[in-house]
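[1] Sequence first, predicted coordinates after that:
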Amino acid sequence: MTAAKTTRPPGEVEMLYSAAEIEARVNALAADIADTLGGELMVVAILKGSFVFTADLLRALHHHGVHPRIDFMTLSSYGSGTESSGQVEIVRDITDDVRGARVLLVDDILESGRTLAHAAALLTDRGAASVNLCVLLDKPGKRQAEITADHVGFAIRDQFVVGYGLDYAHYYRELPYIGAITAQ
Ligand code: IMP
Ligand code: MG
């Protein structure tokens with residue numbers, strides 16, 4: 001029998017934040033969100049990258065008395081490599097009504113800011129009462145759009161990171177920690 005082939009791109013992953021460090025930070029973020037935004041929220045999570053973070057954040061929010069509605073939007077700004085294409089495409093839209101809602105927009109990482117600027121403008125146009133941004137990671141050095149996140153897990157320098165939902169060419173999302181990748 002031949003071994004299953006993998007097309008995972010070659011490279012080393014160096015751990016930046018352990019599962020325990022992420023858990024502690026997510027819990028602190030949830031406490032902060034509950035304090036500043038209160039219990040009546042609609043969470044809009046940007047897929048695919050935020051699915052692990054959102055699942056943990058929601059359960060942490062529950063422990064802090066926040067019981068939000070939740071919907072998902074799939075946006076694509078990257079091809080399958082590590083460079084943003086600059087174009088934001090709605091691959092799958094939310095199905096809930098955002099009119100009058102206090103929205104917490106959740107994403108894995110704020111880089112150029114184009115993805116979240118696009119999503120925030122869209123939700124505001126549709127009549128959301130407010131749109132607050134929560135990101136697991138912030139790369140402030142790469143910003144192109146005028147946008148800042150209200151809640152940030154970790155601010156990092158310009159490097160390509162994977163794990164805890166973030167991918168490189170569709171791989172590495174399952175890593176329980178966040179690591180920096182060095183492609184070879
Ligand atoms: P932005 O529109 O440039 O802010 O890009 C944000 C999106 O690009 C994120 O939602 C991620 O999907 C992706 N992205 C940006 N930096 C990284 C990274 O270091 N690793 C994995 N995905 C990234
Ligand atoms: Mg993404």
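    Great, that's in hand. Ligands and ions are numbered 1, 2, ... in the order given.

[2] excluding its backbone neighbours, what's nearest A45?
    T54 (4.1 Å; Cβ to Cβ, 6 or more residues apart in numbering). Any C-beta I mention is one placed from the backbone N, CA and C, and that applies to glycine too.

[3] Now that neighbour: which helix or strand?
    helix 51-63 (DSSP states H and E).

[4] same question for that helix, mean pLDDT?
    Computed over helix 51-63, the mean pLDDT rounds to 98.

[5] who are the neighbours in contact with the residue nearest to A45?
    Counting by Cβ atoms under 8 Å, 6 or more residues apart in numbering, T54 touches V43, A45, I70, V106.

[6] Which pLDDT does the model give T124?
    T124 is assigned a predicted lDDT (pLDDT) of 98.

[7] That one sits in which helix or strand?
    Assigned by DSSP H and E, T124 falls in helix 114-125.

[8] what pairs with the next helix-or-strand element following that helix, and is each one parallel or antiparallel?
    Going down the chain from helix 114-125, the next helix or strand is strand 130-138, by DSSP H and E. Strand pairing for strand 130-138, determined by DSSP bridges: strand 102-110 (parallel), strand 151-155 (parallel).

[9] quick one, which of those is nearest to A19?
    Nearest to A19 among the strands paired with strand 130-138 is strand 151-155 (13.3 Å), distances taken as Cβ to Cβ.

[10] picking up where we left off before, ranking the strands paired with strand 130-138 by burial, who's on top?
    Sort the strands paired with strand 130-138 by mean neighbour count, taking mean count of other Cβ atoms under 10 Å, and strand 102-110 sits at the top with a mean of 25.

[11] average pLDDT for that one?
    On average, strand 102-110 scores 97.

[12] a markdown table please, covering the strands paired with strand 130-138 and showing distance to L58.
    Formatted as a markdown table, the strands paired with strand 130-138 follow (distance: least, Cβ to Cβ, whole Å):
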| stretch | distance to L58 |
| --- | --- |
| strand 102-110 | 9 |
| strand 151-155 | 14 |
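
[13] Minimum distance to ligand 1: which of these has it?
    strand 102-110 (4.6 Å; Cβ to the nearest ligand atom).
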